[in-house]
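[1] One predicted model, sequence on top.
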Amino acid sequence: MDWQEILFKFVGGLGIFLFGIKYMSDGLQKSAGDKMRGILERYTSNPILGVLVGIFVTILIQTSTGTTVMAIGLVNAGLMTMRQAIGVVMGANIGTTLTAFIVGVKIEEYALPIIAVGAFFLFFISKKSYQYIGQIIFGFGTLFLGLSTMGGGLKPLRELEAFTGFMVDLADQPILGVLVGTVFTMIVQSSSATIGILQTIADEGMVSLRGALPILFGDNIGTTITAVLASIGASVAAKRTALVHVIFNVMGTIIFTLLLVPVEKLVLWLGEDVNIRMQIAYAHGLFNFTNTLIFLPLIPVLAWLVTKSIPGKMEEIQFKAIYLDDRLLATPAMALGQAQHEIVRMGRYAHESFKDATGFFFSKDSKLAEASFQKEELVNELNRKITDYIMKIHQIGLSPGESESATGWFQTVSDLERIGDHAENVVELAEFRFSNKLDLSADAENELRTMMEVADQAVSQALTALEHHDVDAANEVLVLEGRLDELEAEYRQNHIKRLNQNLCSGGTGTIYLDLLTNLERIGDHSKNIAQFVLSK
């Protein structure tokens with residue numbers, strides 16, 4: 001027995017198979033507009049809708065892990081609640097069964113001509129939409145080429161008594177099968193790949209359906225490891241979402257393993273006239289669909305359980321406008337008053353985003369960077385919502401005085417959004433500094449701290465003036481903005497002196513100067529807000 005050939009064909013075939021899935025997935029995402037994150041964010045208002053969206057997105061991107069990790073990211077960003085994410089996770093598990101059904105169709109002998117068709121679209125048609133189709137077809141054919149290569153490599157193992165004996169033992173020891181499936185999927189990091197391998201081994205007659213089912217159930221546990229890894233260092237809500245994924249698949253595996261005999265009989269009845277590869281696909285679909293039906297009504301229980309298991313306070317940020325009400329548009333003056341409340345709220349988040357950004361710059365605390373980005377994203381969302389709302393107010397009609405006030409508030413929204421953008425710039429400059437290990441001199445660091453404190457005071461006073469029509473606070477902003485201009489000019493001169501004395505590098509200098517510019521512009525936007533207050 002040529003072990004080198006077996007190993008090379010198996011590893012190479014696995015690589016081709018994974019490439020096929022990834023390439024097909026990329027083509028599907030591109031042809032769908034690559035808007036999966038937006039779909040998850042917008043269309044998960046209830047658990048049932050979340051399940052449907054989870055199915056749809058997973059079918060398009062061909063990875064339940066990817067959908068689950070996206071859901072965890074949205075929870076971590078505050079764009080989705082944990083209960084919404086639970087529905088998405090359940091739907092993702094159903095959606096991932098499509099790959100098993102694709103593998104169940106035995107068309108390996110047509111893999112090469114399918115690849116040729118895909119290559120024709122990729123290399124001989126310049127239109128992007130057709131190239132994406134070619135990418136899907138090419139990946140589809142490559143997937144089956146990988147299966148065929150793996151199958152050819154594993155065939156000699158049928159003659160190895162130790163291997164066949166182990167496979168027979170799996171049928172009699174389902175717990176061992178679950179363990180094998182779990183560990184192998186943790187290693188490969190793709191349940192689609194391990195299930196495809198299982199289907200190939202079964203098709204070669206190396207394992208019976210009874211022996212394959214526990215491995216299949218274990219694959220579903222192993223696939224949760226990526227979600228768990230994605231939640232490390234994330235928010236409490238994201239960690240709880242990952243734990244839900246683990247509980248969902250572990251409990252499903254326990255239930256189906258205990259009911260192994262009736263499950264096998266049901267699969268044989270459903271797939272009476274199909275090959276064992278398709279029978280495994282049926283079992284995979286049955287597992288995830290039934291599991292979802294069992295746990296969908298229990299989402300509140302799952303949420304309670306993970307909340308008790310992972311204690312901690314979740315920082316809830318409502319990623320929506322809370323003061324804007326279309327019913328008030330009938331009375332434009334009242335609607336404008338509500339818009340003003342929302343603008344002040346937007347300003348608080350822009351200010352917090354800036355404070356988190358400056359905290360990250362000096363502490364390297366990644367949670368502060370995430371919080372800053374999260375709040376800046378909310379600022380952008382409120383910018384869109386408030387702008388649309390004020391436009392509606394204008395269309396309905398305002399008195400000349402109210403119209404002039406609305407225009408001023410409109411400009412204030414733009415200034416607050418720009419403060420959020422500058423906060424994002426500070427985080428990105430900090431990340432560049434840390435990734436390139438660029439150290440500031442003690443003088444430069446002290447200068448930045450001073451200027452950041454003045455900028456923070458300017459924004460704070462501007463918001464006080466805006467909320468309470470505080471003329472004294474508005475005048476204080478003008479003083480602080482002038483101070484920022486003076487500091488920028490002084491610190492630029494200091495920087496040139498340090499450069500001449502070789503006390504700082506070019507890379508560090510670029511970050512320093514960019515920060516001075518961002519901080520000075522934050523002062524400008526604060527001044528605009530103060531002048532609006534003084535003009536009223």
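    Everything's here; your move.
[2] what's the distance between the closest residue to residue 485 other than its chain neighbours and residue 487?
    Using CB to CB, 6 or more residues apart in numbering and skipping residues adjacent in sequence, the residue nearest residue 485 is residue 520, 6.5 Å away. For every residue, glycine as well, the C-beta is placed using N, CA and C. Between residue 520 and residue 487 the distance, using CB to CB, to the nearest Å, works out to 8 Å.
[3] still on that earlier bit, next up, the contacts around the residue nearest to residue 485.
    Applying CB atoms under 8 Å, 6 or more residues apart in numbering to residue 520 gives the contacts 484-485, 488.
[4] Take those and write them to JSON lines, including distance to residue 194.
    Formatted as JSON lines, these follow (distance: CB to CB, whole Å):
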{"residue": "484", "distance to residue 194": "58"}
{"residue": "485", "distance to residue 194": "62"}
{"residue": "488", "distance to residue 194": "58"}
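[5] Which of those are buried, as a ChimeraX select command?
    A single ChimeraX command selects the buried members of the contacts of residue 520 (16 or more other CB atoms under 10 Å):
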select :484,488
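[6] Among the contacts of residue 520, name the ones in helices.
    Using DSSP state H, the members of the contacts of residue 520 that fall in helices are 484-485, 488.
[7] and which of these is nearest residue 469?
    Proximity to residue 469 was ranked across the ones in helices among the contacts of residue 520 by CB to CB; first place goes to residue 484, at 23.5 Å.
[8] list the contacts for that closest one?
    451, 454-455, 458, 519-520, 522-523.
[9] again, but for residue 173
    Here residue 173 is in contact with no residue (CB under 8 Å, 6+ apart).
[10] same check, this time on residue 47
    Contacts for residue 47 (CB under 8 Å, 6+ apart) come out as 83-84, 86-87, 90, 296, 299.
[11] For those, work out which two are farthest apart.
    Greatest spatial distance among the contacts of residue 47 (CB to CB): 84 and 296, at 13.0 Å.
[12] Just the buried residues of the host helix or strand of residue 390, please?
    Element membership of residue 390, judged by DSSP states H and E, is helix 366-396. Neighbour-count burial for helix 366-396, counted by 16+ other CB under 10 Å, picks out 368-379, 381-383, 385-386, 389-390, 393-394.
[13] now it: how far from the chain's centre is it?
    20 Å (CA atoms, centre = their mean, to the nearest Å).
[14] And stretch 483-497, by the same measure?
    Using CA atoms, centre = their mean, the offset of stretch 483-497 from its chain centre is 40 Å.
[15] mind listing what's buried in that stretch?
    483-484, 487-488, 491, 495.
[16] Next: stretch 351-367.
    Neighbour-count burial for stretch 351-367 [16+ other CB under 10 Å]: 351-361.
[17] what sits up against that stretch?
    Against stretch 351-367 from outside (CB under 8 Å, 6+ apart): 233, 368-369, 371-373, 375-376, 379, 419-420, 422-424, 426-427, 429-430, 433-434, 445, 448-449, 452, 455-456, 459-460, 463, 515, 522.
[18] Could I get the contacting residues of residue 26?
    135, 139 are the contacts of residue 26 under CB under 8 Å, 6+ apart.
[19] and what of residue 375?
    Counted by CB under 8 Å, 6+ apart, residue 375 has contacts 317, 349-350, 352-353, 356, 420, 423.
[20] how does it look with 6 Å?
    349, 352-353 (CB atoms under 6 Å, 6 or more residues apart in numbering).
[21] Point me to the helix or strand that includes the nearest residue to it once chain neighbours are set aside.
    Counting by CB to CB, 6+ apart, residue 375 lies nearest to residue 353, which is 4.0 Å off, once chain neighbours are set aside. For residue 353, the host element (DSSP H and E) is helix 332-363.
[22] Output stretch 90-102 as PDB - backbone C-alpha positions only.
    Output of stretch 90-102 as PDB, limited to C-alpha atoms (Å, rounded to 0.1, in the frame of the first residue of the first chain):
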ATOM      1  CA  MET A  90     -30.600  28.300  13.500                       C
ATOM      2  CA  GLY A  91     -31.200  29.300   9.900                       C
ATOM      3  CA  ALA A  92     -27.500  29.100   9.100                       C
ATOM      4  CA  ASN A  93     -27.400  25.500  10.200                       C
ATOM      5  CA  ILE A  94     -30.300  24.700   7.800                       C
ATOM      6  CA  GLY A  95     -28.700  26.600   4.900                       C
ATOM      7  CA  THR A  96     -25.400  24.800   5.200                       C
ATOM      8  CA  THR A  97     -27.100  21.500   4.200                       C
ATOM      9  CA  LEU A  98     -27.200  22.600   0.600                       C
ATOM     10  CA  THR A  99     -23.600  21.700   0.200                       C
ATOM     11  CA  ALA A 100     -24.300  18.200   1.400                       C
ATOM     12  CA  PHE A 101     -27.100  17.900  -1.200                       C
ATOM     13  CA  ILE A 102     -24.800  19.200  -3.900                       C
END
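[23] Residues contacting it, please?
    With CB under 6 Å, 6+ apart as the criterion, stretch 90-102 contacts 51, 54-55, 58-59, 64, 67-68, 192, 195, 281, 284-285, 288-289, 292.
[24] one step back: the helix holding residue 390 vs helix 332-363, what angle?
    160 degrees (axes from the mean of the first three to the mean of the last three CA atoms, to 10 degrees).
[25] What residues does residue 198 make contact with?
    212, 215.
[26] Tell me how far the residue nearest to residue 125 when sequence neighbours are not counted lies from residue 117.
    Once flanking residues are discounted, residue 125 sits nearest to residue 131: 6.5 Å by CB to CB, 6+ apart. Distance of residue 131 to residue 117, given as CB to CB: 13 Å.
[27] Looking at the two now, which is surrounded by more residues?
    The residue with more neighbours, out of residue 131 and residue 117, is residue 131; 20 against 16, by other CB atoms under 10 Å.
[28] Of the contacts of residue 520, which is the nearest to residue 175?
    Residue 175 has its nearest neighbour among those in residue 484, at 67.1 Å by CB to CB.
[29] Can you read off the pLDDT for the residue nearest to residue 375?
    You'll see residue 353 listed with a pLDDT of 94.
[30] repeat for the one 3 residues further on
    At residue 356, the pLDDT value in this model is 93.
[31] That one and residue 376: what is the separation?
    9 Å.
[32] One more: residue 195?
    40 Å.
[33] what about residue 84 and residue 296, which has more around it?
    Taking neighbours as other CB under 10 Å, residue 84 and residue 296 compare with residue 84 leading, 24 against 17.
[34] Looks like the more buried one contacts residue 51 (just checking).
    No: Residue 84 lies out of contact with residue 51 (CB atoms under 6 Å); the separation is 10.4 Å.
[35] What strand or helix carries residue 323?
    Counting by DSSP H and E, residue 323 is part of no helix or strand.
[36] Count the neighbours of it for me.
    Residue 323 has 19 nearby residues by other CB under 10 Å.
[37] try residue 265
    Quick note: residue 265 (other CB under 10 Å) scores 10 neighbours.
[38] so how far is residue 259 from it?
    Distance from residue 265 to residue 259, by CB to CB: 10 Å.
[39] The nearest residue to residue 151 once chain neighbours are set aside: which element?
    Leaving aside its chain neighbours, residue 151 sits nearest to residue 200 (4.7 Å; criterion: CB to CB, 6+ apart). Using DSSP H and E, residue 200 falls within helix 191-203.
[40] what's the next secondary structure element after that helix?
    Along the chain past helix 191-203, the next helix or strand (assigned with DSSP H and E) turns out to be helix 209-222.
[41] what residues does that following helix touch?
    Applying CB under 6 Å, 6+ apart, the contact partners of helix 209-222 are 167, 170-171, 174, 177-178, 180-182, 185-186, 191, 194-195, 198, 202, 249-250, 253, 256-257, 264, 279-280, 283.
[42] State the distance from the nearest residue to residue 192 once chain neighbours are set aside to residue 82.
    Leaving out its chain neighbours, the residue that sits closest to residue 192 by CB to CB, 6+ apart is residue 99, at 4.2 Å. Per CB to CB, residue 99 is found 27 Å from residue 82.
[43] before we move on, what about residue 22?
    Separation of residue 22 from residue 82 (CB to CB) stands at 29 Å.
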